[in-house]
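*Asks:* For reference, the sequence and a predicted model appear below.
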Amino acid sequence: EAGVTQFPSHSVIEKGQTVTLRCDPISGHDNLYWYRRVMGKEIKFLLHFVKESKQDESGMPNNRFLAERTGGTYSTLKVQPAELEDSGVYFCASRPSGRGYNEQFFGPGTRLTVL
Amino acid sequence: RKEVEQDPGPFNVPEGATVAFNCTYSNSASQSFFWYRQDCRKEPKLLMSVYSSGNEDGRFTAQLNRASQYISLLIRDSKLSDSATYLCVVNGNDMRFGAGTRLTVKP
């Protein structure tokens, strides 16, 4: 079974540009999460989808970040316009719904560099 | 104060050594607890969940003390392949990660 996949693996953009990150969760996983790790800091929660609905977006840093999950399958995270402090590794994770399904499966991450 | 605090590390130990990592969390309403392992430039992967009764998986033992809001991970008979960063993760309304403790096991 395929794991969580993310695209692209790396992105280098200039300040002010737009970047869209994509996450394909494990098939059948209703829950999808976005996280970010900025250099030297801990991984931080950004938001949580249950199917196509945003369950919790309390970790989104500001309105330059927009996440979508149309159809409840893959998700995109768009940064517009990108700032220098947005550089970091963006991880996506997914898990099934239901009691006992606590483990989140992480994708390999997208390394974003804003110059 | 950070929500999840871990030993800063790094830990450099010889093969065969026993090493212990500690973690404290601030949200008393947290419901589930995990240790994840992250290799260099890779994604985090679940090492083990942590239960109140304590649990063991081979050379790895995890303990949880809810009263003290403290979690630990003990690795016995360290192997070179145990070298990684170990992340303490606490789940309340969402997952909160510690900054990680880096372990290097040397021959």
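*Replies:* Now that the structure is in, tell me what you want to look at.

*Asks:* Give me the phi and psi for A:Thr70.
*Replies:* When read as degrees, to the nearest 10, the backbone of A:Thr70 gives phi -60, psi 130.

*Asks:* Get me the contact residues on chain A for chain B.
*Replies:* Neighbours of chain B within chain A, by CB under 8 Å from any CB of the partner chain: A:33, A:35, A:41-45, A:48, A:56, A:58-59, A:91, A:102-104, A:106-109. C-betas here are computed from N, CA, C, even on glycine.

*Asks:* Looks to me like B:Ser81 is in a strand.
*Replies:* No. Using DSSP: H, G, I helix; E, B strand; the rest coil, the assignment for B:Ser81 is helix, not a strand.

*Asks:* so who does it touch?
*Replies:* Shown in contact with B:Ser81 (CB atoms under 8 Å, 6 or more residues apart in numbering or on different chains): B:Val105.

*Asks:* The residue nearest the centre of chain A is in what secondary structure piece?
*Replies:* The structure's chain A has its C-alpha centroid closest to A:Trp34; by CA atoms, centre = their mean the separation is 3.2 Å. Following DSSP states H and E, one finds A:Trp34 within strand A:31-37.

*Asks:* does B:Val90 have beta-bridge partners, and which?
*Replies:* Legend: beta-bridge partners of B:Val90 under DSSP bridges are B:Phe33, B:Arg96.

*Asks:* Contacts only, for residue 52.
*Replies:* No chain in the question, so chain A it is. So A:Glu52 contacts A:69-72 (CB under 8 Å, 6+ apart).

*Asks:* wrong chain, I was asking about chain B
*Replies:* Counting by CB under 8 Å, 6+ apart, B:Ser52 has contacts B:64, B:66.

*Asks:* what's the helix or strand bottoming out on mean pLDDT in chain B in contact with?
*Replies:* The weakest-scoring helix or strand in chain B, judged by mean pLDDT, DSSP states H and E, is strand B:95-97 (a mean of 90). Strand B:95-97 is contacted by residues A:33, A:35, A:42-45, A:104, B:3-4, B:25, B:27, B:30, B:36, B:44, B:87-90 when judged by CB under 8 Å, 6+ apart.

*Asks:* ok, B:Thr18 touching B:Asp77?
*Replies:* Yes. The pair B:Thr18 / B:Asp77 is scored as a contact, 7.4 Å apart, by CB atoms under 8 Å.

*Asks:* need the contact list for B:Ala84.
*Replies:* Taking CB under 8 Å, 6+ apart as the test, what B:Ala84 contacts is B:37-40, B:102-103.

*Asks:* again, only using 6 Å
*Replies:* Contact analysis of B:Ala84 by CB atoms under 6 Å, 6 or more residues apart in numbering or on different chains lists B:37, B:39.

*Asks:* if I look at it, how far off is chain A?
*Replies:* 14 Å (CB to the nearest CB, to the nearest Å).

*Asks:* now do B:Gly92
*Replies:* B:Gly92 is 11 Å from chain A, by CB to the nearest CB.
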